[in-house]
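J.: generate coordinates for the sequence data below:
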Amino acid sequence: MAQQRAFAAATATQWAQMRLAEPLLRDPIWVYNDWSAYDELSDNIPLTEALAMKELDQIVRLRRLGVHFDYYMMDAFWFANDGAYRVWKAPNWPNGPDRWIAECRANGILPGLWFGTNGLVKIDAAPQWRDSLSAKGESMSFYEGGFLPDFMKAMQYWYDNGIRMFKFDFVDFGAATPAAEKTQTPEEIHERNAAAFRRALKAFRQKNPDVVLEAFNGFGGDLESTAGPFPFNSPVDLRWLEVFDSLYSGDPRPSDVPEVNFWRSMDIYSDHMVRRYEQSFLPLERIDSTGFMIGNTGTIYYRKTNAWKGMLLLMVARGGWVNTIHGNLELLDDEMAKWFAKVQGIYAVLQATGRTKTFGGIPGDVRPYGFGSLDNRGAIYTVVNPAQSVEEIELPQLSRIQTSLDNGRVIFRDAGFVPVLRGTRIKLGPGQMAAVGFGRYASQEFELGIQDDVRIPRSILPINATFAPAENNMIKTTIVAPLKGDLRILFQQRDKRGQILRSRSEGPSNGASVGQVLKIIVEQDGIPLAVEINYDKQIWSGLSWGAGEIKNKDFASGRPITIRCSSSEKDPVLLEGHVYVVEY
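T.: Numbering: from 1, shown residues only. Okay, here's the model as predicted:
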């Protein structure tokens, strides 16, 4: 077995050296995905033909305003549970998909479909799949029985009916029949499953060379936390790059970096995971950060369009060639659409003819970092400071033949703190994002303005606050209220071993929020003070921190204030608190 693993590792490394620079896509693409406009996992909003067609109408509207889309991905659960991926769900799709497919293609949009691969997620095992079932009956083996041949027939059926993009999710390479489990090791089962599926996809691509294939959950990577170990416990097998145009790096969720602006912590998650996949030797072009979702459903924490500009700019700045836009397009009004189109137009050139490179720290390590995209006319550096302090970061030379970085200009920033650019160094406020243009991209033509709904303090100073254990899973400190400025309080939760621990709330059926689990309670003279928090949400992915602020007008300066941070986790946890004075 040790020899088999060594051979597999050597093969993967040799393949990576020879083939990583050969993307399957000829150009970057833009994909609309309707997930988060509906949500049947962490919410109760169903996918219907009416919803899907409404979003197609929005694609047409946005096109008139300059926004471009190449594909429309129909995401999860379009299928009947007893139809073997060939029948659409009734009554949501009473006439099937024909109208949707026809209108997509009539409008120059190529349709795509989501599949749960070999996992039985809201679908029953068809009779022809049952001799591939695992003992638990939750997934099918790829290399045993009738599942994989029939599954590939379903893929071909949809290709023949106009589908040109296929998304594979919830794959289970540990699936095996009870007979195989008795004679084969988990490693052998995994390798045989992966090899069988890879062979099938290679044959599918050879027969249908214009398809686009995307890999989602199950193809490697540890996605739960930005505090997880690296290298990944679940490594990414680079051989998947032979058959997939891109691998995704995790659904949007908060990172384990506390931020008063909840949405910025989500930016940091996507940035961090892209960096980790890059460190696993995936080219940036082949990583789909899946970082842009707007909508009013549980999967996106009822975000609507909060902080959407930074979310869009970071998505394109990361350099992926599959640019996916999820959710309710009707939330983008005409002015928003024009800004969207401007960003899209700028990066159409930078992605297709330039290169993107990373620099700075790893986002989850709370060090400033960035993504730089350059072509022969100049460069755009998009930078983030995840720390609770004002920090500087160097904007490095990205290429030996790059023109000198003179006369740069900040072309985008969050509101509040004004970044200070001196030569190739930029100073950012706590939790701030900005973009800097050099060469042609420093001109007024590329100005992207200010993100008004993310406000960064103009100054921040730590307070020497010593937190001590109080009651069960609670820490407490008393400080003297500052004469000026607001109070910012952050705390982080770990288990008794010191590992980051995420708390989860219940789903939307009872309206429970993580804000009821991770609490910040502040009093002065025995009277509770109002704490403004941005994380009081139903968070399916869990949260490991709390962050909030108390406005100066709400407390008496120069008098004691008592702060308690607590968790309602049943098991003992470790809590670490910090207090700052911030001025806006």
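J.: lowest-confidence helix or strand of this structure?
T.: helix 2-19 (a mean of 44; mean pLDDT, DSSP states H and E).
J.: now do the contacts for the residue nearest to the spatial centre of the chain.
T.: Nearest to the geometric centre of the chain sits P252, at 3.3 Å (C-alpha atoms, centre = their mean). By C-beta atoms under 8 Å, 6 or more residues apart in numbering, the contact set of P252 is M266, Y269, S270, T290, G291, M293, I300. (Glycine included, C-beta is placed from N, CA and C.)
J.: next: F371.
T.: Residues in contact with F371 (C-beta under 8 Å, 6+ apart) are D271, L314, A317, R318, G319, T356, K357, T358, F359, Y381, T382.
J.: just those now: which is nearest L113?
T.: Distance to L113 across the contacts of F371 (C-beta to C-beta) is lowest for R318, with 25.3 Å.
J.: where are the low-confidence patches of the protein?
T.: By pLDDT under 70, the low-scoring segments of the chain are 1-23, 506-511.
J.: which other helices and strands contact the longest helix along the chain?
T.: In the chain, with assignment by DSSP state H, the single longest helix is helix 186-207. The contact analysis (3 or more C-beta pairs under 8 Å, 6 or more residues apart in numbering; DSSP states H and E) places helix 186-207 against helix 2-19, helix 147-160.
J.: same for the helix or strand following the last one, what does it pack against?
T.: Past helix 147-160, heading to the C-terminal end, the next element that is a helix or strand (DSSP states H and E) is strand 165-168. Applying 3+ C-beta pairs under 8 Å, 6+ apart, we find strand 165-168 packed against strand 71-74, strand 110-115, strand 212-215.
J.: and if we set it to 6 Å?
T.: Applying 3 or more C-beta pairs under 6 Å, 6 or more residues apart in numbering; DSSP states H and E, we find strand 165-168 packed against strand 110-115, strand 212-215.
J.: now that we have those, can you turn them into CSV and tack on mean neighbour count and distance to Q451?
T.: Formatted as CSV, the helices and strands packed on strand 165-168 follow (neighbours: other C-beta atoms under 10 Å; distance: least, C-beta to C-beta, whole Å):
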stretch, mean neighbour count, distance to Q451
strand 110-115, 23, 31
strand 212-215, 22, 29
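J.: for these, please prepare a markdown table with the additional fields distance to V87.
T.: Compiled in a markdown table, those are given as follows (distance: least, C-beta to C-beta, whole Å):
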| stretch | distance to V87 |
| --- | --- |
| strand 110-115 | 13 |
| strand 212-215 | 23 |
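J.: quick one, which of the ones you listed is nearest to G364?
T.: Closest to G364 of these is strand 212-215 (C-beta to C-beta; 22.6 Å).
J.: what sits up against the next helix or strand after that closest one?
T.: Scanning forward in sequence from strand 212-215 by DSSP H and E, the next helix or strand is strand 246-248. With C-beta atoms under 6 Å, 6 or more residues apart in numbering as the test, strand 246-248 has contacts from E214, A215, F216, F219, R286, D288, T290, V322.
J.: and stretch 141-153, by the same measure?
T.: By C-beta under 6 Å, 6+ apart, stretch 141-153 touches 128-129, 131-132, 140, 175-177, 192-193, 196-197, 200.
J.: pretty sure I294 sits against I325.
T.: No. Counting by C-beta atoms under 6 Å, I294 does not reach I325; the two are 8.2 Å apart.
J.: list the buried ones in stretch 56-73?
T.: 56, 58-59, 62-63, 65, 67-73 (16 or more other C-beta atoms under 10 Å).
J.: for stretch 268-286, same thing?
T.: Those would be 268-278, 280, 282-286, for stretch 268-286 by 16+ other C-beta under 10 Å.
J.: starting at the chain centroid, how far to it?
T.: 11 Å (C-alpha atoms, centre = their mean, to the nearest Å).
J.: same thing with stretch 477-496?
T.: Remark: stretch 477-496 is offset 29 Å from the chain centroid, using C-alpha atoms, centre = their mean.
J.: contact partners for A435?
T.: Contacts of A435 (C-beta under 6 Å, 6+ apart): I380, T382, I411, F412.
J.: who wins for most neighbours among the residues you listed?
T.: Neighbour counts for the contacts of A435 peak at I380, which has 30 neighbours (criterion: other C-beta atoms under 10 Å).
J.: run through the bridge partners of it.
T.: For I380, the beta-bridge partners under DSSP bridges are S373, G437.
J.: over to I45?
T.: D39.
J.: tally of neighbours for it?
T.: Using other C-beta under 10 Å, I45 has 18 neighbouring residues.
J.: do A179 as well
T.: As a burial measure, A179 scores 11 neighbours (other C-beta under 10 Å).
J.: cool, the one 10 residues further on as well?
T.: Burial measure for I189: 22 neighbouring residues, criterion other C-beta under 10 Å.
J.: any idea how far the closest residue to it other than its chain neighbours lies from G327?
T.: Once flanking residues are discounted, I189 sits nearest to A176: 4.5 Å by C-beta to C-beta, 6 or more residues apart in numbering. Shown here: A176 relative to G327, a distance of 37 Å by C-beta to C-beta, to the nearest Å.
J.: do the same with D267
T.: On the measure of C-beta to C-beta, D267 and G327 end up 16 Å apart.
J.: using the three-state scheme, assign L56.
T.: Three-state assignment for L56 (DSSP: H, G, I helix; E, B strand; the rest coil): helix.
J.: list the contacts of it.
T.: L56 touches E103, counting by C-beta under 6 Å, 6+ apart.
J.: just P462 next, same as before
T.: Y580.
J.: host element of it?
T.: strand 459-463.
J.: quickly run through the sheet partners of that strand, with directions.
T.: By DSSP bridges, strand 459-463 pairs with strand 573-583 (antiparallel).
J.: quick check: buried residues in the strand it pairs with?
T.: In terms of neighbour count (16+ other C-beta under 10 Å), strand 573-583 has its buried residues at V573, L574, L575, G577, H578, V579, Y580, V581, V582.
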